[in-house]
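Make a model of this:
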Amino acid sequence: MARLRLRSLLFVAAVIAAAVFTWSSSTRQMASSAVAAVEAVVPAESLREKLPALTFEVPDLKITWHRSTHKPPEQSNSTRGDSQWYSDWKWLNPFSSSVTLDEDRAVLPPLPERRPVYTYYDTTVKRDSETAEVDKEQLLLWRRAWWAKGFKPIVLTQAEAINHPLYPTLKRQAIRADLEYEFMRWLAWAHMGTGLLATLRCVPMGSFEDETLAHLRHGQFAQLTRFEGLGIGLFAAEKQHIEEALKFPLGDVRLGTYKTVIDAIGSNKFAVEQPSGLANYDDATIGSKYAALATALKENPVKGKKALKGLMDAHLHTTWQNMFPSGINVLKPLPAHSTELVKPALDLAGLLAECPASILQSSCAPNRPRCVPCIGTKMRISQSDEFRNDSKTFTISVVPHPYTMIMLNNLTSDVSVAHIRRHTDRDTWVTAVTRRLLGDGRGGPSRVVSVKDMVASPWGSWRSIWFATEQFPVDFNLPPLPEKAPTNDARPAREIVRPFPDEWLADLSWQFGFSIPHTAVWHGESLPPVPGPERWAKEPAGLPAEGPPKSSTPRPATTEELATEVELLREAREKIKSRDKQLLRMRKAAEAWNMADTEAWKFVRAYRARADVERELFEEEERRYAGTEGGRGRGWW
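Residues are numbered from 1 along each chain as shown. Modelled structure (predicted):
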């Protein structure tokens, strides 16, 4: 037994000794290999001597978030009155001053590029004064409709056609006058280049986001394009495609045998697209859909053209109304003492909801046969204290300066800096407007970003319109009219109400694309001869009446309070523009205490002003043509 144990111990010892010997030998080999590898490494100095001289410039990819120490340069056409702006992609920064280093300059989104759409008007034709005036109105309607959908409408004449090299070739062809007119249109278009060519009777008739209109705004056309059902109403192409399309037909000896320019060029040269947001009022369409208008055009062309212009304008208005089946919502975030503050918005909503007059009151546009005419269901107008994120509702809002809102809430202009800091809440306006979207747990900076998005985003810019209080006509805030007593007449007298100057509405119509009615009709209020259900007792006899209204629901303003609001609005308008040191101190205190409200006011004021400047610059550029507000009464004849 002892021997067996001894043998086992000797065997274990031998195994351990063998393992130790093997490990030590492998370690010596690894060490020697490492030494050899180190000795084999070429020193860096000798390596540099063997390689050619190479220089590498590695860019510094560090992202710095430091604020600029200098104001960005002033951009051209970036001021209007007291409004200043800077167009930049950082427009959703909560406070513009962090970008512009200027408390008075608002950061706005860059203006999108407007693609040109051309029409041709022959100025060599002699017209009497009445016909010329009707043509001016039609040109104005055409320009306004395309401008509202994001295009740049331009009128071409024979001057552009004559400047094209192929003009002499066209004149050598003995062709009919109507076909020559069509080729003159194309020569003028080819001279200008890439874009759209439309007749005066072809206008966009759909929402801003319509697929066809969005495609046309991109301005990229792979080939010559026409649109199904529009005939010669609209073409789209790039300059090289237009030039190629004109070469063959103008050299064809059979040019005079073709009926239309499409036949002469060849229908196989066109790509045909299905239009959804375009309407063309050519003779064939008028004859098949609007018989009364066709008769008027035949019997008296001048009166017929007036009726056509009125019908197209009415269809544009009705189409806009149908885009918002839920109606118009007027924001009234702080309802306690802002009745007169939002009154301009309510009056504008009333004009937009009016039923447009035309020769065919209940008709629809050619591309919208299932429209809902206003004559059957009038557009609904509502008020709310919160913004509704609803694509079926159009929003109108008036943004007050914080100092104006403080005066209205206190019903006095006698406020002090101490009162503002101790007895007023911060940023009450933006808080109320965004409460439905953001709840109650957000601060002013995040809320004002939401307001900017409501105003200027691609989604919100055509679904709403925003004004600063001071951007309404100076003489708008008139004393409130006395209440009208109800009458027992079955048909109360109609009263025409004209809330805004005609020039102001004419300018605003360019944003909507149709002529905003200048007057609203008040039909009066009649008392039913027999008390109807609306006048019955709300509770059975003997039960207590309903308690007082909730504290969150303000009582209606009295006549005296409305008069006070009007006076305060007038006074606030003057104080905000004043350079008096004491008034400036009060204004700065109100702005510092309500930074988000102030930013919203500056942003909206600048955004509205820039839209006016953009259109005025376009009018100045094109005013030598008819169909502009600035060129009315001036033309080529």
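
From residue 196, how far out is the nearest residue to residue 275 once chain neighbours are set aside?
Closest residue to residue 275 apart from its sequence neighbours, by C-beta to C-beta, 6 or more residues apart in numbering: residue 227 at 4.3 Å. All C-beta atoms are positioned from the backbone trio N, CA, C, and that covers glycine. Here residue 227 is placed at a distance of 10 Å from residue 196 (C-beta to C-beta, to the nearest Å).

Same question for residue 514.
Distance of residue 514 to residue 196, computed by C-beta to C-beta: 20 Å.

Over to residue 260?
The span separating residue 260 from residue 196 equals 18 Å under the rule C-beta to C-beta.

Look at these two and report which has more neighbours.
Neighbour count, other C-beta atoms under 10 Å: between residue 260 and residue 196, residue 196 has more, with 23 against 13.

neighbours of residue 580, just the number please.
Neighbour count for residue 580, taken as other C-beta under 10 Å: 10.

per the record, what domains does this protein have?
The record's domain split for the chain, according to automatic domain parsing, is 115-280, 327-342+380-529+554-621.

Please render the ones you listed as CSV that adds mean pLDDT to the earlier fields.
Compiled in CSV, those are given as follows (pLDDT from 0 to 100):
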stretch, mean pLDDT
domain 115-280, 93
domain 327-342+380-529+554-621, 88
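
can I get these in a markdown table with distance to residue 97?
Shown next, in a markdown table, are the domains of the chain (distance: least, C-beta to C-beta, whole Å):
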| stretch | distance to residue 97 |
| --- | --- |
| domain 115-280 | 30 |
| domain 327-342+380-529+554-621 | 9 |
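
of all these, which lies closest to residue 71?
Comparison of the domains of the chain against residue 71 by C-beta to C-beta identifies domain 327-342+380-529+554-621 as nearest, at 16.1 Å.

roughly how far is that closest one from the heart of the chain?
The gap between the average C-alpha position of domain 327-342+380-529+554-621 and the chain average comes to 19 Å, counting by C-alpha atoms, centre = their mean, to the nearest Å.

Quote the end-to-end distance of it.
36 Å (C-alpha to C-alpha, to the nearest Å).

and for residue 227 and residue 196, which residues touch both?
Common neighbours of residue 227 and residue 196, counting by C-beta atoms under 8 Å, 6 or more residues apart in numbering, are residue 234.

where do the strands sit along the stretch 51-200 of the chain?
Using DSSP state E, counting those that start in this stretch, the strands of the stretch 51-200 of the chain run over 79-80, 83-87, 105-108, 115-120, 151-156, 195-198.

got CSV for the ones you listed, with distance to residue 264 too?
Output for these, formatted as CSV (distance: least, C-beta to C-beta, whole Å):
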stretch, distance to residue 264
strand 79-80, 48
strand 83-87, 45
strand 105-108, 47
strand 115-120, 17
strand 151-156, 20
strand 195-198, 15
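
Which one, of the ones you listed, ends up nearest to residue 379?
It's strand 151-156; of the strands of the stretch 51-200 of the chain, that one is closest to residue 379 (C-beta to C-beta) at 26.1 Å.

Adjacent strands (with direction) for the closest one?
Strand 151-156 has the following sheet partners, assigned by DSSP bridges: strand 115-120 (parallel).

on that earlier part again, who does the residue nearest to residue 275 bridge with?
Under the criterion used (DSSP bridges), residue 227 bridges to residue 273.

What is the neighbour count of it?
So residue 227, with other C-beta under 10 Å, has 22 neighbours.

Can you give me the first-to-last residue distance of stretch 510-520?
20 Å.

Sort out which residues of that stretch are buried, please.
For stretch 510-520, burial by neighbour count (16 or more other C-beta atoms under 10 Å) applies to 510, 511, 512, 513, 514, 515, 516, 517, 518, 520.

State whether the last one and residue 499 are indeed in contact, as I suppose.
Yes: when contacts are counted by C-beta atoms under 8 Å, residue 520 is listed as touching residue 499 (7.2 Å).

list the residues that contact both of these two?
Counting by C-beta under 8 Å, 6+ apart, the residues touching both residue 520 and residue 499 are 347, 350, 351.

Strands of the stretch 401-550 of the chain, start to end?
Along the stretch 401-550 of the chain, counting by DSSP E, counting those that start in this stretch, strands occupy 464-468, 495-497, 520-522.

which element follows the last one toward the C-terminus?
In this case it means strand 520-522. Where DSSP states H and E defines the elements, the next helix or strand beyond strand 520-522 is helix 559-577.

Residue 497 against residue 519, yeah?
Yes: under the criterion of C-beta under 8 Å, residue 497 makes contact with residue 519 at 6.4 Å.

any idea how far the residue most central in space within the chain lies from residue 364?
Compute the mean C-alpha point of the chain, and by C-alpha atoms, centre = their mean the closest residue is residue 461, 3.4 Å away. Counting by C-beta to C-beta, the gap from residue 461 to residue 364 is 27 Å.

got it, and residue 425?
Using C-beta to C-beta, residue 425 is found at 50 Å from residue 364.

neighbour-wise, which of those two wins?
For the pair residue 425 and residue 364, the greater number of neighbours falls to residue 364 (19 against 9), based on other C-beta under 10 Å.

The more buried one in helix, strand or coil?
coil (DSSP: H, G, I helix; E, B strand; the rest coil).

so how far is residue 370 from it?
Taking C-beta to C-beta, one finds residue 364 at 7 Å from residue 370.

now swap in residue 290 and tell me
17 Å.

How far away from the center of its chain is the helix or strand hosting residue 609?
Counting by DSSP H and E, the element that carries residue 609 is helix 595-622. Helix 595-622 has its C-alpha centroid displaced from the chain centroid by 12 Å (C-alpha atoms, centre = their mean).

Ok, stretch 292-306 next?
On C-alpha atoms, centre = their mean, the centre of stretch 292-306 falls 35 Å from that of its chain.

so who does the closest residue to residue 156 other than its chain neighbours touch?
With sequence-adjacent residues excluded and distances taken as C-beta to C-beta, 6+ apart, residue 156 is closest to residue 188, at 4.0 Å. Neighbouring residues of residue 188 by C-beta under 8 Å, 6+ apart: 118, 120, 156, 157, 158, 160, 161, 164.

do the same with residue 110
By C-beta under 8 Å, 6+ apart, the residues touching residue 110 are 87, 88, 89.

Assess the claim that the first one and residue 109 are in contact.
Translated: residue 87. Yes: between residue 87 and residue 109 there is a contact under C-beta under 8 Å: 7.0 Å.

how about the helices in the stretch 51-200 of the chain?
Assigned by DSSP state H, counting those that start in this stretch, the stretch 51-200 of the chain shows helices spanning 97-100, 129-148, 158-162, 167-172, 177-192.

Now do the last one: distance to the chain's middle.
When C-alpha coordinates are averaged (C-alpha atoms, centre = their mean), helix 177-192 and its chain have centres 33 Å apart.

next one: the shortest one
Per C-alpha atoms, centre = their mean, the displacement of helix 97-100 from the mean C-alpha position of its chain is 24 Å.

Please write out the alpha-carbon positions of it in CSV.
C-alpha atoms of helix 97-100 as CSV (Å, rounded to 0.1, in the frame of the first residue of the first chain):
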residue,chain,number,x,y,z
SER,A,97,-32.1,88.3,-31.0
SER,A,98,-29.9,85.3,-30.4
VAL,A,99,-29.4,85.1,-34.2
THR,A,100,-29.5,88.7,-35.3
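
contact partners of that helix?
Residues outside helix 97-100 that contact it (C-beta under 8 Å, 6+ apart) are 67, 71, 72, 86, 88, 90, 93, 103, 105, 106, 107.

thinking again about what came up before, dump the buried residues of stretch 510-520 to a markdown table, plus distance to residue 399.
Rendered in a markdown table, the data for the buried residues of stretch 510-520 read as follows (distance: C-beta to C-beta, whole Å):
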| residue | distance to residue 399 |
| --- | --- |
| 510 | 21 |
| 511 | 17 |
| 512 | 20 |
| 513 | 24 |
| 514 | 25 |
| 515 | 26 |
| 516 | 21 |
| 517 | 25 |
| 518 | 25 |
| 520 | 24 |
